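Asks: need coordinates for the below:
(chains A and B)
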Amino acid sequence: EPEVTQTPSHQVTQMGQEVILRCVPISNHLYFYWYRQILGQKVEFLVSFYNNEISEKSEIFDDQFSVERPDGSNFTLKIRSTKLEDSAMYFCASSVLFLSNQPQHFGDGTRLSIL
Amino acid sequence: KNQVEQSPQSLIILEGKNCTLQCNYTVSPFSNLRWYKQDTGRGPVSLTIMTFSENTKSNGRYTATLDADTKQSSLHITASQLSDSASYICVVSAGATNKLIFGTGTLLAVQP
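Replies: Predicted structure coming up:
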C-alpha cells in the first residue's frame, strides 16, 4: 500500500539554525499537510497546501515557517531560525481529494530536537 | 474555541475483551469526525470517517458511532487483540478547508 515517507526520522539541530523537514506524499495525492505533536500533547495542525499555494495555516505557522513543493514529489517544511519550543514530532500528511470523506494519510514523522 | 475531549485518558483491558472509548467535541462548523489509531513512534492511521448524517460506521472489529445532536462519538473495539495496544485519537474536521482538530487520545493497553 502506498505510504507517505518522511526524512529524516530524527533531526538534532542547534537553536537558531535552519532546518528542513522532507516528505514524499502518496503519488496521486493533491492535498498536503503538516502537523506537529509536542511530547505528551495533542497533534496540532500547522498548514495545508494545494496547487502550490498555502490553503490554510494555523497561528503556530508564523514567519519562521515556510512550505514548498520543489518538484513533483517532495513537500518540505522549513523552520528558518529554530527555537527550543520547536522541539516536537512533525507529521506530514496527504489526501487524494479535498472531500469530507477522504482520509488524510500520515507519515511516521520526524522527531526534531532543538539543543 | 474548537475543542475535542476524550475519555478515559488511559485504559487497560484483557485480551479478548471489548471496550468503548468516548469523544465529545465543540467544533464549528462541523465537517466530519474521524477516529485514528496511533502506534508508539508511528503516524496516525485512519480507522473511520463519519459525516454529519452517519450514525455508525464499522471497520472490522472497530465500530464508531456519532450523535451530532449531542456532539458525542464513541469507538467500540470488540474481541481485543494485543496489537490493539495504541493511542486512539478522535479527530474532528472543521469547515471548508477540512482542518483536523485532534483530541488528546485514549491510551489503550491490551494485556494477555
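Asks: C-alpha from now on. contacts and neighbour counts both.
Replies: Noted.
Asks: okay, how far is it across stretch A:88-105, tip to tip?
Replies: 19 Å (Cα to Cα, to the nearest Å).
Asks: what parts of chain A come near chain B?
Replies: A:41-45, A:48, A:55-56, A:91, A:98-109 (Cα under 8 Å from any Cα of the partner chain).
Asks: so among those residues, which ones count as buried?
Replies: Buried members of these, counted by 16 or more other Cα atoms under 10 Å in any protein chain shown: A:43-45, A:48, A:56, A:91, A:98, A:100-101, A:103-109.
Asks: which phi and psi values does the residue in chain A positioned nearest to chain B adopt?
Replies: The minimum distance from chain A to chain B, using Cα to the nearest Cα, falls at A:Asp108 (4.1 Å). Main-chain torsions, A:Asp108, degrees, to the nearest 10: phi -90, psi 0.
Asks: confidence score at it?
Replies: On the pLDDT scale, A:Asp108 is placed at 95.
Asks: how about A:Asp71?
Replies: On the pLDDT scale, A:Asp71 gets 85.
Asks: what's it sitting at in phi/psi?
Replies: The phi/psi pair for A:Asp71 (degrees, to the nearest 10) is phi -150, psi -170.
Asks: just the one 3 residues further on next, same as before
Replies: Dihedral pair for A:Asn74: phi -90, psi 150, per degrees, to the nearest 10.
Asks: residues touching the residue positioned nearest the centre of chain A, list them.
Replies: The centroid of chain A falls nearest to A:Trp34 when counting by Cα atoms, centre = their mean (3.1 Å). Taking Cα atoms under 8 Å, 6 or more residues apart in numbering or on different chains, we find A:Trp34 in contact with A:Phe45, A:Leu46, A:Val47, A:Ser48, A:Leu77, A:Tyr90, A:Phe91, A:Cys92, A:Ala93.
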